[in-house]
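Trainee: Give me the fold of what follows.
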Amino acid sequence: MPFKVEFKNEEVKKMIKNLSDLDRQRILDDASTILLNSAKLGFVRKVDPELKPWPESPKWYTDMKGQNTPLTGPLTKKIQGGRFKGWEFEKVNSTRMANELWKSVGKNKAEIFYKPKAKERAKLTQFGGDSKMRIKKGSKVIEFKIKIQPRIHLGISDKYSRIPGGSDIEHIERAMSQYIEGLIKK
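Mentor: The predicted structure is shown next:
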């Protein structure tokens, strides 16, 4: 589920194509850094690229896992509260989604992606869907079918940014302009 940036404006495409490989890679690095930071801020602020708040976790799930950041899963195997307090989650997913988001920059493209161990969970997080959760107490095991609400975190907005000071596009355009102005001055 990599996220790619492609420039649609023909003038921008031509300008980028005429840069040296190193300069083009630096511009793509700046653009992908902006998008990566925006996505990571989205985790912290619990908002999508259009600044819409993520849906709240159901109260029963929040009670079970305790108060911690979204998209982390429970931090302990012990269920913290609610009807099943004293039970354990059969499996604790230690993957912290914001920490699994990376970027790759080449001379002609940049991608924001998840490490392989987080890809499936990232897809479920981004789009929502059906999942299962198993809890246990002694030899007794209960499996719940649960509906995961989408928490859109990858994306770009031409109106907003999770980074203050302009939209995602404006941040990228500003970074590109500053870089190119620096090249012209040389």
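Trainee: Please count neighbours and contacts with C-alpha atoms only from this point.
Mentor: OK.
Trainee: Low-confidence stretches in this protein?
Mentor: Where the chain drops to pLDDT under 70, the residues are 1-9, 66-75, 93-96, 186.
Trainee: hey, where'd the helices end up in it?
Mentor: For the chain, the helices defined by DSSP state H cover 10-17, 21-45, 59-65, 119-127, 168-185.
Trainee: Format those helices as CSV; extra columns: distance to G155 and mean neighbour count.
Mentor: Shown next, in CSV, are these (distance: least, C-alpha to C-alpha, whole Å; neighbours: other C-alpha atoms under 10 Å):
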stretch, distance to G155, mean neighbour count
helix 10-17, 20, 12
helix 21-45, 8, 20
helix 59-65, 26, 17
helix 119-127, 10, 17
helix 168-185, 10, 15
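Trainee: could I get those helices as JSON lines with distance to K91?
Mentor: Below are those laid out as JSON lines (distance: least, C-alpha to C-alpha, whole Å):
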{"stretch": "helix 10-17", "distance to K91": "48"}
{"stretch": "helix 21-45", "distance to K91": "23"}
{"stretch": "helix 59-65", "distance to K91": "12"}
{"stretch": "helix 119-127", "distance to K91": "14"}
{"stretch": "helix 168-185", "distance to K91": "37"}
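Trainee: Out of the ones you listed, which gets nearest to R134?
Mentor: Closest approach to R134 among those (C-alpha to C-alpha): helix 59-65, 12.2 Å.
Trainee: hmm, back to that, which among the helices of the chain is found nearest to G82?
Mentor: helix 59-65 (5.4 Å).
Trainee: quick one: the closest one to chain centroid distance?
Mentor: 23 Å (C-alpha atoms, centre = their mean, to the nearest Å).
Trainee: same thing with stretch 19-37?
Mentor: Centroid separation between stretch 19-37 and its chain, computed with C-alpha atoms, centre = their mean, is 19 Å.
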